[in-house]
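>>> predicted structure and sequence below. I'll ask about it afterward.
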Amino acid sequence: MNAKILAEQIFLAGVECVMPHEIMRRYLSPNDDILFVDDKKIKLESFNNIYVVGAGKASAKMALEIEDVLGNKITSGHVVVKHGHACALRYIDVSEAGHPVPDHNGYAATKKILEIAKQAGKDDLVICLISGGGSALLADFPEEGSVDDLIKLNQLLLKSGADIKEINTVRKHLSKVKGGQIGKAVYPAQLVTLILSDVIGDPLDSIASGPTVPDSTTFSDAIAVLEKFDLSLKVPPVFVDYLQNGERGLHPDTPKPGDVVFTNTHNFIIGSNKIALEGCRQKAVTAGLSTFIITSELEGDTIEAANKIFTTTLSFQKDKKVKKPCCLLFGGETTLKVSGKGTGGRNQHLALYATLLLKDQKGMTLLSAGTDGNDGPTEAAGAIVDTKTYEEAVKKGLHIESYLDNFDSFHFFEKAGGHVVTGPTMTNVMDIIVVIIE
């Protein structure tokens, strides 16, 4: 058994289960002029117009599936995806933009999406397609700011150690689309949102900063996030002023639970990390491995998470009741607070740190990768290591601790080997960690 090859096959099987063409067909069922979305029945003939908007790495592929179902019934639409994630669409426009740091393209696309949302009337239907990456791709900001200000803000937030919920709390209160505000713009039209979750626990208000769901956070919460991570004096002052003025009631807050604007809104989670892990499990079982899904809610500091994974792995290795070989599956998204000047991502950093944990063990292989095919600002999805990786790196003259200290995992694996490279997968349900014990 080549454990490295098998681990990658297991990971890819999980990704395949949450590809847009797979998940959209499970939830959409057309029948003449009736569209069934999960358990909801939508009579298409009752609408004057059907608009499609969306944001996220998978939104173009999701839009392609919508086009296959609705065809020329679509009046118009616009979705925004990460650079390299577009596909040819017939009735819906698509823009490519910056992620994880927003750019001018995202700003222009967000304006178009908001315009479409606002033009929908009470006898219209709006279908909103949301997937991972939507928070950065919906790149708007208060009029007093600029795209450069927004870029600086996001760079600071992403390196601060704040989790995605905290980051999105700030983003929501500097936006006209996030935090339920697309829902507000669409009202009183009917709004159906199909969501591919990239957040622990699948909370609707956090995925892509919840553009179509009520927001319970406030301007005060956003200010508290900046203070918690010592960002108040680092982020552009124009944004701090806006948040403080919002706290004083000078700017309208995001729409809250119970607001009438959500009367005609229906949100559906159609893809998640749990679904991907089940796909991994089926592949591993088929390959003859005793397989256990440990958690789909792995979060917190990357190094602490790696230590927990290793402790769990040792426990299963020593347990004589567990038939070997076996496979342990973890899903979620950890947080990496970056202080070095290297290049990498949380998955590559976790795998690099794991080489130190595995160096004195036998028969263990670990893969950590992002289901979107991108780990940080790199072309790799993640990396795979085993109990031999440390020794082989030393022979090549690579000092693992130095790469760790400089947060330069990408260049380590570039030299040592071990990168998992898939290219853009056009989906995103956080990360998957596959551990094989021989």
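Here it is on my side, so go on.

>>> okay, domains of the protein per the record?
Following automatic domain parsing, the chain resolves into domains at 3-271, 274-437.

>>> turn these into CSV, including mean neighbour count.
(C-beta placed from N, C-alpha, C; glycine too.) CSV is the format used below for these (neighbours: other C-beta atoms under 10 Å):
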stretch, mean neighbour count
domain 3-271, 20
domain 274-437, 20
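
>>> could those go into CSV alongside mean pLDDT?
Listed next are the domains of the chain as CSV, based on pLDDT from 0 to 100:
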stretch, mean pLDDT
domain 3-271, 94
domain 274-437, 96
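
>>> would Ile167 count as being in a strand?
No - applying DSSP: H, G, I helix; E, B strand; the rest coil, one finds Ile167 to be helix, outside a strand.

>>> hang on, isn't it packed against Leu153?
No - look at Ile167 against Leu153 with C-beta atoms under 8 Å: they stay out of range, at 9.8 Å.

>>> contact partners for the residue nearest to Ser59 when sequence neighbours are not counted?
Distances taken as C-beta to C-beta, 6 or more residues apart in numbering put Val79 closest to Ser59, at 4.2 Å, once the chain neighbours are dropped. Neighbour list for Val79: 52-55, 59-60, 62-63, 92-95, 113, 129 [criterion: C-beta atoms under 8 Å, 6 or more residues apart in numbering].

>>> and if you look at Ala60?
Here Ala60 is in contact with Val79, Val81, His85, Ala86, Cys87, Leu89, Val94, Met426 (C-beta under 8 Å, 6+ apart).

>>> same check, this time on Ala185
Leu114, Ala117, Lys118, Val177.

>>> how far away is it from Ser175?
12 Å (C-beta to C-beta, to the nearest Å).

>>> now the strands: where do they sit in the stretch 101-250 of the chain?
For the stretch 101-250 of the chain, the strands defined by DSSP state E, counting those that start in this stretch cover 124-130, 190-196.

>>> residues making contact with the first one?
Outside strand 124-130, the residues within contact range by C-beta under 8 Å, 6+ apart are 42, 44, 47-56, 58-59, 62-63, 66, 75, 77, 79, 116-117, 120, 182, 186, 189-196, 207-208, 211-212.

>>> how about a cut-off of 7 Å?
47-56, 59, 62-63, 66, 79, 117, 120, 182, 186, 189-196, 207-208, 211-212 (C-beta atoms under 7 Å, 6 or more residues apart in numbering).

>>> distance from the chain centre to stretch 402-413, please.
Remark: stretch 402-413 is offset 24 Å from the chain centroid, using C-alpha atoms, centre = their mean, to the nearest Å.

>>> thought Asp163 was touching Leu336?
No - with contacts counted by C-beta atoms under 7 Å, Asp163 stays clear of Leu336, the gap being 11.0 Å.

>>> one step back: Throw the contacts of Ala60 into JSON lines and include distance to Glu391 and secondary structure, thanks.
As requested, the contacts of Ala60 are exported to JSON lines (distance: C-beta to C-beta, whole Å; DSSP: H, G, I helix; E, B strand; the rest coil):
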{"residue": "Val79", "distance to Glu391": "47", "secondary structure": "strand"}
{"residue": "Val81", "distance to Glu391": "42", "secondary structure": "strand"}
{"residue": "His85", "distance to Glu391": "38", "secondary structure": "coil"}
{"residue": "Ala86", "distance to Glu391": "43", "secondary structure": "coil"}
{"residue": "Cys87", "distance to Glu391": "44", "secondary structure": "coil"}
{"residue": "Leu89", "distance to Glu391": "50", "secondary structure": "coil"}
{"residue": "Val94", "distance to Glu391": "47", "secondary structure": "strand"}
{"residue": "Met426", "distance to Glu391": "37", "secondary structure": "coil"}
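
>>> tell me the one of those nearest Arg281?
Met426 (22.6 Å; C-beta to C-beta).

>>> please give me every residue in contact with the nearest residue to that closest one once chain neighbours are set aside.
Residue nearest to Met426 in three dimensions, not counting chain neighbours: Lys61, with 4.5 Å by C-beta to C-beta, 6+ apart. With contact taken as C-beta under 7 Å, 6+ apart, Lys61 is in contact with Pro20, His21, Cys87, Met426.

>>> tabulate the residues you listed (JSON lines), appending distance to Lys359.
Below are these laid out as JSON lines (distance: C-beta to C-beta, whole Å):
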{"residue": "Pro20", "distance to Lys359": "40"}
{"residue": "His21", "distance to Lys359": "41"}
{"residue": "Cys87", "distance to Lys359": "43"}
{"residue": "Met426", "distance to Lys359": "36"}
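
>>> and which of those is nearest to Phe141?
Met426 (27.3 Å).

>>> wait, that closest one sits on Pro20?
Yes - assessed by C-beta under 7 Å, Met426 is found in contact with Pro20 at 6.3 Å.

>>> joint contacts of the two?
Ala58, Lys61.

>>> assumed Thr313 was part of a helix.
Yes - assigned with three-state DSSP, Thr313 falls within a helix.

>>> leaving aside the residues next to it on the chain, what's closest to it?
Val435 (5.3 Å).

>>> would you say the one you found is within a helix?
No - applying three-state DSSP, one finds Val435 to be strand, outside a helix.

>>> and the host helix or strand of Phe11, what does it pack against?
Element membership of Phe11 [criterion: DSSP states H and E] is helix 3-17. For helix 3-17, the helices and strands in contact under the criterion 3 or more C-beta pairs under 7 Å, 6 or more residues apart in numbering; DSSP states H and E are helix 273-286, strand 364-370, strand 382-386, strand 431-437.

>>> again, 6 Å this time
For helix 3-17, the elements it packs on are helix 273-286, strand 364-370, strand 431-437, judged by 3 or more C-beta pairs under 6 Å, 6 or more residues apart in numbering; DSSP states H and E.

>>> among the ones you listed, which comes closest to Gly249?
Using C-beta to C-beta, those put helix 273-286 closest to Gly249, at 38.6 Å.

>>> continuing past the closest one, what's the next helix or strand?
strand 290-298.

>>> ok now that next one, how far from the chain's centre?
For strand 290-298, the distance to the chain centre is 19 Å (C-alpha atoms, centre = their mean).

>>> give the other helices and strands that it contacts.
Going by 3+ C-beta pairs under 6 Å, 6+ apart, strand 290-298 lies up against helix 273-286, strand 326-332.

>>> all set now, cheers.
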